[in-house]
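K.L.:
any chance you could fold what I've pasted below:
(one chain, ligands or ions: 1)
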Amino acid sequence: MFGPRFKLFKLFGFQVNVDLSWTIVFVLLSWTFAVNWFPQARPELPTATYWTMGVVTALLMFLSIVLHEVSHALVARRFGLPIRGITLFIFGGVAEMTEEPPTARSEFMVAIAGPIASIAIGGLCLALWAGGQAGGWPGPVVSIAGVLAWINISLVIFNMVPAFPLDGGRVLRSVLWQWKGNLRWATRVTAGIGSAFGLALIVIGVLRFIVGDFFGAWMALIGLFLRNAARLSYQQLLLRTALEGEPVSRFMKTDPITVPRQLSVRELVEDYFLRHHHKLYPVVDGDRLVGCATTADIKKLPREEWDRQTVGAIVQGRCEENSIAPDADAMKALATMSRGRASRLMVVDGDRLVGILTLKDLLEFFSLKMELEEAR
Ligand SMILES: [Zn+2]
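P.N.:
Below you'll find the model as predicted:
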């Protein structure tokens, strides 16, 4: 979902990042404020002031979104949910939770926290705008407060449409989940609304773009993103309900092919990688597991070193990214794979290699289970 990102600062212990795509939004917003909005609201000011106001407003808007996401994150942390960080990207911000809320109540509280923060910020800006007007504050300050009030309140209205995965969709999902006790059904309904809402945005956006409104293209893009996110979240949930609670040992292949550490790298390439087409091999020293060798490790070594160096020279030690315990949850294994972009993990019990887990086997089990459920 994300491209290159930059770490900005920490807030309440959460790392705030900005995705490269957000800089586009930042420039577009500053430009829209400086060229369209402020000159209309206050025609008497010099051009340089409009630009200063534009950049300041874009920065404060950025801060409003960060505070919205921090509110989600703070409540999530209270419920013990791990948060990887807060990232701003082209369509707004996201508090990256590595786990979903475990109950309808926690989902409701986490989802509603963001909109409440935005309403509070919008209300504060509205009060500043009204107070500033009455008290004769400098024009630019009053205008900026007015624009921020308008933006924060509009964002809440958009965000509270009950279309999953928007906050409103999450709120509705938690209510349906609580009501019927069926998370899958609640997700299907709200993701369906999300998908339909996305389609509506695309259609309206394209029509507006055709009649010459540039903002229409933006709407259509948001619609596409939303549709995609709704579909992915539903699939993710199906995957979770199928795999959660299943131990890794159920899916692993026992008796994996291992590589002795004394082997030369050339032999490893020719007799293992090119013969079996696996991307990872456990490396052993007699009975003892040393670690593993992957295609990425080989790429680090110049080709002319392949005959001279042994597998021992390129082996990567066993770590959380390349191994998992046999009694670990299959969903945890999947998360480990997706984090490290790996399709294979060593299954290790203590310091003994007991098997290999592949993404392919996990997904085959998943599609089989889905097929059986549809047949029911
Ligand atoms: Zn939110």
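K.L.:
tell me which element whichever residue of the chain sits closest to the ion falls in.
P.N.:
Relative to the ion, the nearest point of the chain is G114 (3.1 Å; CB to the ion). Where C-beta positions appear, they are placed from N, C-alpha and C, glycine not excepted. G114 is part of helix 104-135 when elements are defined by DSSP states H and E.
K.L.:
buried residues of the helix or strand that that helix is followed by, list them for me.
P.N.:
Going down the chain from helix 104-135, the next helix or strand is helix 139-159, by DSSP H and E. Counting neighbours by 16 or more other CB atoms under 10 Å, one finds that the buried residues in helix 139-159 are 139-140, 142-149, 151-153, 155-156, 159.
K.L.:
residues of the chain that sit close to the ion?
P.N.:
When proximity is defined as CB under 5 Å from the ion, the chain approaches the ion at 114, 167.
K.L.:
let's verify the residue nearest in space to the middle of the chain: helix, strand, or coil?
P.N.:
For the chain, the residue sitting closest to the mean C-alpha position, by CA atoms, centre = their mean, is E96 at 5.3 Å. For E96, the reduced secondary structure class is strand; criterion used: DSSP: H, G, I helix; E, B strand; the rest coil.
K.L.:
related to what we said a few turns ago, and the buried residues of helix 139-159, which two are furthest apart?
P.N.:
Across those, no pair lies farther apart than G139 and N159, at 30.2 Å, counting by CB to CB.
K.L.:
ok so, going back, I figured the residue of the chain closest to the ion hits R170, correct?
P.N.:
No - between G114 and R170 no contact is recorded; they are 9.3 Å apart, counting by CB atoms under 8 Å.
K.L.:
ok, back up a step: just want the angle from the helix holding G114 to helix 139-159.
P.N.:
Helix 104-135 and helix 139-159 meet at an angle of 150 degrees, taking axes from the mean of the first three to the mean of the last three CA atoms, to 10 degrees as the criterion.
K.L.:
what about the helices in the chain?
P.N.:
Assigned helices in the chain, in chain order: 20-32, 38-41, 47-78, 104-135, 139-159, 167-180, 183-210, 215-243, 265-267, 274-276, 295-299, 311-314, 330-340, 359-375 (criterion: DSSP state H).
K.L.:
give the buried residues for the fourth one.
P.N.:
The one in question is helix 104-135. Along helix 104-135, these residues count as buried under the neighbour rule (16+ other CB under 10 Å): 104, 106-115, 117-119, 121-122, 125-126, 128-129, 132.
K.L.:
ditto for the first one
P.N.:
Along helix 20-32, these residues count as buried under the neighbour rule (16+ other CB under 10 Å): 21-22, 25-26, 29-30, 32.
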